[in-house]
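# Build me a model from this:
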Amino acid sequence: MSLATLIDSDRKHLIHPVANYRAHEARGVTVLERGKGAWLYDANGNELLDAFAGLWCVNTGYGHDSIVKVASEQMAKLPYATGYFHFGSKPAIELAQRLVNISPRNLEHVYFSLGGSDAVDSALRFITHYYNATGRSSKKHFIALERGYHGSSSVGSGLTAIGSFHRNFDVPLPTQHLIPSPYPYRSSTPDDAQAIIAASVKALEDKVAQLGAENVAAFFCEPVQGSGGVIVPPKGWLKAMRDACRRLDILFVADEVITAFGRTGPMFSCEHEDVEPDLMTIAKGLTAGYAPMGAVLMSDAIYQGIADGSKPGEAVGHGQTYSAHPVSAAIGLEVLRLYTEGGLLANGQEQAPRFAAGLDSLLDHTLVGDSRHLGLLGAVELVSNKATRARFDPSLQLADRIFEAAGRNKIIFRAFGDNILGFAPALCFSANEVDIMVERVRKTLDDVLEIADVRRALKD
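So this is what the prediction gives:
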């Protein structure tokens with residue numbers, strides 16, 4: 001197909017995720033052709049710096065020959081192996097063992113999904129099964145955070161606190177509840193970490209008291225909130241919430257779909273505070289986007305509760321055709337090797353201070369009110385007034401304008417609807433590429449500031 005034919009065919013047939021369908025039809029698709037390292041190349045010959053690792057996932061960068069090699073070898077040997085009927089494959093078994101070896105100590109069992117959304121959905125099903133199997137069937141309520149993101153499955157989307165994931169989908173469910181996000185920039189005490197932590201703990205305690213501890217199953221949270229605007233809670237927050245869950249007799253679920261595999265520095269973000277969740281959901285960086293795969297890591301206590309709650313010969317009725325796919329598992333093993341033996345984890349940690357300083361340097365820009373970051377995950381928040389932290393009016397459609405300006409400046413990052421710019425560069429980023437990223441982001445902001453109605457929207 002010619003490029004024009006591809007674009008026309010896309011308009012007619014391909015449904016894109018999280019898009020306004022009419023707006024996409026009018027705009028047309030940007031066809032990506034290849035990638036290498038931190039760079040993408042589109043069908044028009046543009047070289048684009050990818051400062052968002054695809055969709056928070058290509059942590060290794062593009063074009064690793066070793067990943068292609070192991071995938072090809074596995075496809076030639078055994079392209080598919082079902083996990084049903086007691087079958088399995090060597091790559092999947094080895095990957096499960098490897099994940100148990102490197103994850104928080106209490107997580108001893110692994111269920112493989114296809115991605116993050118169904119990992120969350122699987123966790124919800126396992127939790128429900130666990131409480132039913134252990135004689136506590138009233139525990140059906142789930143608590144998450146405002147601005148949280150837990151995928152777009154039929155049930156998990158109800159824990160995702162973003163309006164577009166609820167509109168016309170009949171979620172959240174009556175059993176799904178939210179408490180305020182630990183959002184320092186929008187807090188009444190932005191510089192008081194202990195006050196922010198205490199407020200979150202109290203909000204969780206109050207919500208559990210309101211619902212009744214005997215009715216609450218679990219609390220879900222991201223160690224750093226991703227799609228809600230890269231909200232970085234104060235250090236100590238995650239451990240405090242984990243400890244609160246133990247006191248309240250509810251399960252603590254760490255959604256590390258975005259934050260795992262070096263994204264915030266260590267292999268898992270829970271390591272920052274030595275937190276051991278009851279369950280952990282992972283995806284994205286597990287295969288670095290080279291193939292679909294996610295997982296639920298489960299504590300032995302939950303596993304044994306489910307296993308002992310089943311009658312002899314009675315199956316636990318949860319599974320997916322492509323769970324523990326051998327090609328994805330082989331890729332996952334090689335990606336983990338690249339993080340460690342390949343030096344990518346160390347490089348990400350080395351570049352993190354430069355990345356942080358680069359985002360902080362944008363604070364002098366007229367449009368920027370806040371900069372926040374942990375590892376190679378960060379954001380800058382745009383405001384119409386730095387003193388009052390006032391947001392821009394949504395009618396300006398500032399996010400769309402920023403995204404288009406970024407394209408002209410040959411850089412890809414996330415422009416959220418409430419005018420927060422998200423960044424998640426690959427762990428292969430060099431110091432020079434960090435500098436190019438900051439330079440192109442600043443140029444993008446300068447270009448947007450020259451738009452007349454944007455300048456008029458600034459409040460003295």
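
# and the residue sitting furthest away from the middle of the chain, what helix or strand is that in?
When distances to the mean C-alpha position of the chain are computed (CA atoms, centre = their mean), the maximum falls on P312, with 38.2 Å. P312 belongs to no helix or strand when assigned by DSSP states H and E.

# same check, this time on T321
Using DSSP H and E, no helix or strand contains T321.

# What is the burial count for it?
10 (other CB atoms under 10 Å). C-betas here are computed from N, CA, C, even on glycine.

# where does the residue farthest from the centre of the chain fall, phi/psi-wise?
Main-chain dihedrals, P312, degrees, to the nearest 10: phi -50, psi 130.

# so how far is the first residue of stretch 313-320 from its last?
20 Å (CA to CA, to the nearest Å).

# which ones are touching G369?
Contacts for G369 (CB atoms under 8 Å, 6 or more residues apart in numbering) come out as 185, 381-383, 386, 389.

# Most neighbours among those, which one?
L382 (25 neighbours).

# thought that residue was touching S371?
No: using CB atoms under 8 Å, L382 is not in contact with S371, being 11.0 Å away.

# Helices of the protein, residue ranges please.
For the chain, the helices defined by DSSP state H occupy 3-13, 21-27, 53-56, 65-77, 90-102, 116-133, 193-211, 237-248, 300-308, 326-340, 344-361, 398-408, 431-449, 452-457.

# for the fourth one, what is the average pLDDT?
Right, the one you point to is helix 65-77. For helix 65-77, mean pLDDT is 98.

# can you state the direction angle for that helix and helix 326-340?
160 degrees (axes from the mean of the first three to the mean of the last three CA atoms, to 10 degrees).

# chain center to helix 65-77, what's the gap?
Counting by CA atoms, centre = their mean, to the nearest Å, helix 65-77 is centred 27 Å from the centre of its parent chain.

# which residues sit against that helix?
Contacts of helix 65-77 (CB under 8 Å, 6+ apart): 60, 91, 288, 290-291, 326-327, 330-331, 333-335, 338.

# which one of those sits closest to D170?
Nearest to D170 among the contacts of helix 65-77: A291, at 32.1 Å, using CB to CB.

# The closest one contacts S328, doesn't it?
Yes: taking CB under 8 Å as the definition, A291 is a contact partner of S328 at 4.3 Å.

# Out of these two, name the residue with the larger neighbour count.
S328 (25 against 18).

# residue contacts, that one?
Counted by CB under 8 Å, 6+ apart, S328 has contacts 112, 287, 291-293, 322.

# Name the member of those that has the highest neighbour count.
Neighbour max across the contacts of S328 (other CB under 10 Å) = T287, 31 neighbours.

# Show the backbone phi and psi for that residue.
When read as degrees, to the nearest 10, the backbone of T287 gives phi -120, psi 10.

# Distance check, it against Q349.
Look at T287 and Q349: by CB to CB, to the nearest Å, they are 21 Å apart.

# got the contact list for the residue nearest to V58 when sequence neighbours are not counted?
Leaving aside its sequence neighbours, V58 sits nearest to G289 (CB to CB, 6 or more residues apart in numbering; 4.4 Å). G289 makes contact with 53-55, 57-58 under the criterion CB under 8 Å, 6+ apart.

# so which of these comes closest to L363?
Closest to L363, out of all of the contacts of G289 and judged by CB to CB, is A53, at 23.7 Å.

# Please tabulate the contacts of S328 in JSON lines, including the columns distance to F220 and pLDDT.
Formatted as JSON lines, the contacts of S328 follow (distance: CB to CB, whole Å; pLDDT from 0 to 100):
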{"residue": "F112", "distance to F220": "20", "pLDDT": "98"}
{"residue": "T287", "distance to F220": "23", "pLDDT": "98"}
{"residue": "A291", "distance to F220": "26", "pLDDT": "98"}
{"residue": "P292", "distance to F220": "22", "pLDDT": "98"}
{"residue": "M293", "distance to F220": "21", "pLDDT": "98"}
{"residue": "Y322", "distance to F220": "24", "pLDDT": "97"}
